[in-house]
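# Turn this into a model:
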Amino acid sequence: MLEVMRCLDEELRQSPAPDVKAYKVIRVLLDASINALEKGNHDPQTFDRATLLEICDPKVKAAGRDPARWLSTSTLETFLDARMNSIRRRAEQMGLKHLPVIASSEAKGGAGNQRIYWLATRPVEASDGGSLVGQAHRQIIYTRTENGEVKPALFLRLFFRKGVLENRSWRGVLMLSAVLLGMGFLLLWVLASIWSLSALDQALTLRQLTSSALVAFMAWFMWRHVHQPWFQLVDNRVVKAPAPLLSLKEDSAELEMYRDDAKRPWTRFVRFSSDCPFCGGRILLADGKPDHQMPLVGRCGESPHAHVFSFDRARLSGVYIGPRLQA
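Numbers count the residues shown, from 1 in each chain. From the prediction side, this is the model:
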């Protein structure tokens, strides 16, 4: 059972969601279970709703919130089910025969009769694999590289240690300052070029027009491939990492912004990938446009416009969204 709990722990650490209520509750249940199992105690570590509310959200507890309304019956099961495909794959890689589940008492709540929760395990059933096979041509599971596997460009390694940067650290402040200074110098360069042209009192020559076009192209290139991704990252959480920001040995990667268990914001270089269920090719994230409205989609390297899948960062899953399949 300890290995199953560690499997779940690894899954939550790789895809943290500290602002989500269910994540915080499961984190409490998991930490208590691991600590008990490491000490040889195999008894279930149970918590009622009132205790979980006091641990996870003491301010709401102080405000007199009803624990039953704060944590509904299906909240934890829904959260864990959403990640079960990724957990199952991780368990298979670890050679485990059981999966973690949320267990609870049958009490319906009420004063002095609170429902209690704990973590348990269940065997991997044949139907688990069968359900995946039935959806093989519709659903995929993405994998995320470990920290440090994707190498940023040499000049960024001063800020990103093993491909990871804490946004509120001194390195994060320097990184933000560098981006803003770069934008400032880029704007000054463009304004200086426009001013030099406006100061001319004669007709423009072909050479001047060519130089102006080159300045405009270089300004667009610098904005599009160096500065814009950092601003998109704040809203989208995951963006394609432009080639100038990656090591020469890297061909495709992403920038991801996330929060750890302490709600500290981090930015890291990662790569999301999967296997194409149609042809066995490698699926990597790419721009959704022009054929899809989503910012990022998963495209198969062998058939990038026919084998297209959505991308759900929170669940590390995707469904087929390419051309309509024939029956």
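# Contacts only, for M294.
Shown in contact with M294 (Cβ atoms under 8 Å, 6 or more residues apart in numbering): 288, 310-311. Heads up, the C-betas are built off the backbone N, CA and C, glycines and all.
# now S169
Applying Cβ under 8 Å, 6+ apart to S169 gives no contacts.
# circling back: may I see the ChimeraX selection of the buried members of the contacts of M294?
Of the contacts of M294, the buried ones go into a single ChimeraX selection, burial set by 16 or more other Cβ atoms under 10 Å:
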select :288,310,311
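# Of the contacts of M294, which is the nearest to G40?
Among those, F311 lies closest to G40 (Cβ to Cβ), at 42.4 Å.
# Any chance of the backbone angles for that closest one?
Backbone torsions for F311, taken as degrees, to the nearest 10, come to phi -140, psi 120.
# Identify the residues contacting it.
142, 238, 272, 285, 294, 296-298, 318.
# Just the buried ones from those, in ChimeraX syntax?
Buried residues within the contacts of F311, by 16+ other Cβ under 10 Å, are selected in ChimeraX with:
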select :142,238,272,285,296,297,298,318
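# picking that back up, can you redo the contacts of M294 as CSV with pLDDT and distance to V101?
What follows is the contacts of M294, written out as CSV (pLDDT from 0 to 100; distance: Cβ to Cβ, whole Å):
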residue, pLDDT, distance to V101
G288, 88, 35
S310, 92, 27
F311, 91, 27
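# Confirm that G40 sits in a strand.
No: going by DSSP: H, G, I helix; E, B strand; the rest coil, the assignment for G40 is coil, not a strand.
# which one of the contacts of M294 sits closest to V215?
G288 (30.6 Å).
# what bits of the stretch 101-250 of the chain have low per-residue confidence?
106-113, 126-137, 197-204, 208 (pLDDT under 70).
# at 90 what do you get?
Applying pLDDT under 90 to the stretch 101-250 of the chain flags residues 101-150, 153-163, 167-168, 171-237, 242-250.
# Show the residue spans covered by the strands in it.
Along the stretch 101-250 of the chain, the segments classed as strands by DSSP state E, counting those that start in this stretch run 116-123, 139-141, 143-144, 164-166, 238-240.
# Show me what the longest one is packed against.
Spelled out, that is strand 116-123. Contact here means 3 or more Cβ pairs under 8 Å, 6 or more residues apart in numbering; DSSP states H and E; on that basis strand 116-123 packs against helix 2-14, helix 21-38, strand 47-48, helix 49-56, strand 98-104.
# Domain ranges for the chain, per the record?
According to automatic domain parsing, the chain comprises the domains 2-133, 154-270.
# and the end-to-end length of the last one?
End-to-end span of domain 154-270 (Cα to Cα, to the nearest Å): 16 Å.
# which SS state does L285 fall under?
Under three-state DSSP, L285 comes out as strand.
# pretty sure M257 contacts V234?
Yes: counting by Cβ atoms under 8 Å, V234 is a contact partner of M257 at 7.0 Å.
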